[in-house]
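> Dropping the sequence and predicted coords here.
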Amino acid sequence: MKDTFYAYIERLQDTITSKLEEVDGKAKFQEDLWKRAEGGGGRTRVIENGNVFEKGGVNISAVHGELPEVLRKQFGVEEGNFFACGLSLVLHPINPFVPTVHANWRYFEMYDSKGEIVTQWFGGGQDLTPYYLFDEDAVHFHSVCKEACDKHDESFYPKFKETCDNYFWNAHRNEARGIGGLFFDYLKENEEFSIQDRYKFVTEVGNSFLNSYVPIVEKRKAIEYQKEHKDWQEVRRGRYVEFNLVHDRGTLFGLKTNGRIESILMSLPPVVQWKYNHHPEENSEEAKLLSVLATPKQWIQ
């Protein structure tokens with residue numbers, strides 16, 4: 001399965017970066033191949049200073065080796081080796097009316113002392129972080145997520161949407177990072193779903209990504225904006241940074257397994273503001289966004 005999934009994310013990276021270059025119309029992804037001393041490596045692709053995207057990355061990696069101590073404690077084992085691979089992307093647009101987007105799809109195996117698989121699972125999802133809220137964009141994004149889920153099990157969307165809302169929650173701010181989407185983890189084989197079923201579901205979601213995001217970009221990228229709109233975007237980007245550095249499990253996993261720092265922190269936006277005790281004007285578009293982030297919303301009735 002690990003070879004099958006890695007081949008899939010290699011193809012998906014090519015598909016996504018090609019389309020995003022077409023959408024941007026100016027910038028091209030720079031590719032950076034890297035190796036991890038303990039085993040494995042990756043292919044980082046970063047786009048910067050384009051017509052549409054201020055910064056973004058679409059990265060794949062496959063790492064393996066002995067389980068670090070922190071993961072041995074997490075999994076309750078004294079020894080063992082692991083393999084983990086995945087695709088992770090974040091896109092920070094220039095225009096504050098275009099939302100930031102994040103997605104990742106990953107696969108994990110853990111082995112005993114004989115090299116036998118003792119556990120394996122898939123994880124991933126995709127979520128949207130707007131700076132100005134357009135309800136129809138939120139509905140579109142969630143509709144694509146739901147359609148992908150419903151092809152496999154109609155219980156998936158409400159369950160993984162709720163998991164996403166709970167996960168991307170900036171607890172120290174008591175607000176959501178964005179308007180959610182899907183988040184799932186530890187999707188193992190069970191009586192209902194084989195590991196092949198899990199693979200088909202995760203790749204269905206991965207294949208849906210461009211349709212969930214690109215139409216929103218095309219609709220909003222030419223909207224005129226002022227400095228105050230850009231300032232608000234940069235303030236909200238600060239909340240994005242806070243989540244990634246304080247709460248995000250993927251970031252912490254990379255740091256604790258001696259991952260490549262440049263690739264791990266690629267998710268951070270290039271320009272950010274932190275203003276002391278900043279609050280938007282009452283009844284403003286900025287305040288409207290915060291009211292939605294205070295309580296996760298059901299976008300599809």
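Good, I have the coordinates.

> Send me the helix or strand where Cys85 lies as PDB with only the CA atoms.
Using DSSP states H and E, the element containing Cys85 is strand 81-93. The C-alpha trace of strand 81-93 is given here as PDB (Å, rounded to 0.1, in the frame of the first residue of the first chain):
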ATOM      1  CA  ASN A  81      10.000   1.400  13.100                       C
ATOM      2  CA  PHE A  82       7.700   3.500  11.000                       C
ATOM      3  CA  PHE A  83       7.000   4.700   7.500                       C
ATOM      4  CA  ALA A  84       5.000   7.900   6.800                       C
ATOM      5  CA  CYS A  85       4.200   9.600   3.500                       C
ATOM      6  CA  GLY A  86       1.900  12.300   2.400                       C
ATOM      7  CA  LEU A  87       1.200  15.400   0.400                       C
ATOM      8  CA  SER A  88       0.700  18.700   2.200                       C
ATOM      9  CA  LEU A  89      -0.200  22.100   0.600                       C
ATOM     10  CA  VAL A  90      -0.900  25.600   1.700                       C
ATOM     11  CA  LEU A  91      -1.700  28.500  -0.500                       C
ATOM     12  CA  HIS A  92      -1.600  32.200   0.600                       C
ATOM     13  CA  PRO A  93      -3.100  34.500  -2.000                       C
END
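
> who does it touch, helix- and strand-wise?
Here strand 81-93 is seen to pack against helix 2-24, strand 53-66, strand 100-111, helix 195-220 when contacts are counted using 3 or more C-beta pairs under 8 Å, 6 or more residues apart in numbering; DSSP states H and E. Every residue, glycine included, has its C-beta placed from N, CA and C.

> Please save the CA atoms from the shortest one in PDB.
Listed next in PDB are the C-alpha coordinates belonging to strand 100-111 (Å, rounded to 0.1, in the frame of the first residue of the first chain):
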ATOM      1  CA  THR A 100      -6.100  30.700   2.100                       C
ATOM      2  CA  VAL A 101      -6.400  27.000   1.700                       C
ATOM      3  CA  HIS A 102      -4.700  24.000   3.400                       C
ATOM      4  CA  ALA A 103      -4.900  20.300   2.500                       C
ATOM      5  CA  ASN A 104      -3.000  17.100   3.200                       C
ATOM      6  CA  TRP A 105      -3.400  13.400   2.600                       C
ATOM      7  CA  ARG A 106      -1.200  10.900   4.300                       C
ATOM      8  CA  TYR A 107      -0.400   7.300   5.100                       C
ATOM      9  CA  PHE A 108       1.300   5.700   8.100                       C
ATOM     10  CA  GLU A 109       2.700   2.300   8.900                       C
ATOM     11  CA  MET A 110       4.300   1.000  12.100                       C
ATOM     12  CA  TYR A 111       6.300  -2.200  12.300                       C
END
